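Q: Okay, here's the prediction I keep looking at, along with the sequence it came from:
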Amino acid sequence: MGRSRYHVLGNQPHFLTCTIVNWIPLFGQVELAQIVIDSLNFLHRHQRLTIYSFVIMENHLHLIASSANLSKEIGDFKSFTARSIIDLLKKKNSIYILNQLEFYKVKHKKNQEYQLWQEGFHPQAILNEEMFRQKLDYIHNNPIKRGYVDDPAHWRYSSYRNYMEQPSLVQVELIDFSLEAEPPEGIPSRRLGTR
């Protein structure tokens, strides 16, 4: 990760993006998206990653998350999901997709046959409540912007359903934006008295 121009602040919530190489739309296949969902739930359950928000699109995902070692946890997530997805594609004999993952592999990765994820995860530290709200809205409205749904509650691969207290696929830490609530670690409190 030495080539990254991004700086990760420990335990600070970050907005991040993980993208499939060449934007190949793999997550339209439910069983491939399920690997990502299971992995996110595992990281949350084992307290390796605090997830505040997520959306899984056809070829990328966005998270607001924090961890004591965010780079390591996201690296482990990407490595595990890549191996699992590639293994499933091999089992299903998905030659066309495997050929694409081989073709778009960056040349310096000589010790592997395929590459699933683009390098990096583009972390942006969330430094205040306004930025947190903006990224949360961006995540939840991404399926609408792409034309998948006309209501964010209709996209099952999103934390919007968590915030609406509806069943969701990934457990998240809900953020209460009321004046009485404590913000997540690293986010300055907005105590204006009246509002």
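A: Thanks, I have the structure now. Numbers count the residues shown, from 1 in each chain.

Q: For stretch 146-165, C-alpha coordinates in CSV please.
A: Extracted as CSV, the C-alpha positions of stretch 146-165 are listed here (Å, rounded to 0.1, in the frame of the first residue of the first chain):
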residue,chain,number,x,y,z
ARG,A,146,-27.8,4.5,-11.2
GLY,A,147,-31.5,3.9,-12.0
TYR,A,148,-31.8,0.6,-10.2
VAL,A,149,-34.6,1.7,-7.9
ASP,A,150,-36.7,4.8,-7.3
ASP,A,151,-36.7,4.5,-3.5
PRO,A,152,-33.5,3.6,-1.5
ALA,A,153,-35.5,1.2,0.7
HIS,A,154,-36.0,-1.0,-2.4
TRP,A,155,-32.3,-1.7,-2.8
ARG,A,156,-31.6,-4.6,-0.5
TYR,A,157,-27.8,-4.3,-0.7
SER,A,158,-27.7,-1.1,1.3
SER,A,159,-27.7,0.1,4.9
TYR,A,160,-30.6,2.4,4.2
ARG,A,161,-32.8,-0.4,5.4
ASN,A,162,-30.9,-0.5,8.7
TYR,A,163,-31.5,3.2,9.3
MET,A,164,-35.3,2.7,8.5
GLU,A,165,-35.3,-0.1,11.1
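
Q: And the contacts of that stretch?
A: With contact meaning CB atoms under 8 Å, 6 or more residues apart in numbering, stretch 146-165 is reached by 27, 33, 37, 51-57, 139-144, 166-172, 174. Every residue, glycine included, has its C-beta placed from N, CA and C.

Q: Show me which positions of that stretch end up buried.
A: For stretch 146-165, a neighbour-count test (16 or more other CB atoms under 10 Å) marks 152, 155-163 as buried.

Q: Just the buried residues of the host helix or strand of Phe80, please?
A: Taking DSSP states H and E as the definition, Phe80 sits inside helix 70-91. The neighbour-count check on helix 70-91 (16+ other CB under 10 Å) flags 70-71, 73-74, 77-78, 80-82, 84-86, 89 as buried.

Q: Tell me the first helix or strand C-terminal of it.
A: helix 95-103.

Q: Show me the shaky parts of the protein.
A: 1-10, 178-195 (pLDDT under 70).

Q: what ranges do the helices span in it?
A: Secondary structure of the chain by DSSP state H: the helices cover 30-45, 70-91, 95-103, 129-145, 160-163.

Q: Could I get those in a markdown table, plus columns for distance to Cys18?
A: Below are the helices of the chain laid out as a markdown table (distance: least, CB to CB, whole Å):
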| stretch | distance to Cys18 |
| --- | --- |
| helix 30-45 | 9 |
| helix 70-91 | 6 |
| helix 95-103 | 15 |
| helix 129-145 | 13 |
| helix 160-163 | 19 |
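
Q: Of these, which is nearest Leu61?
A: helix 30-45 (6.6 Å; CB to CB).
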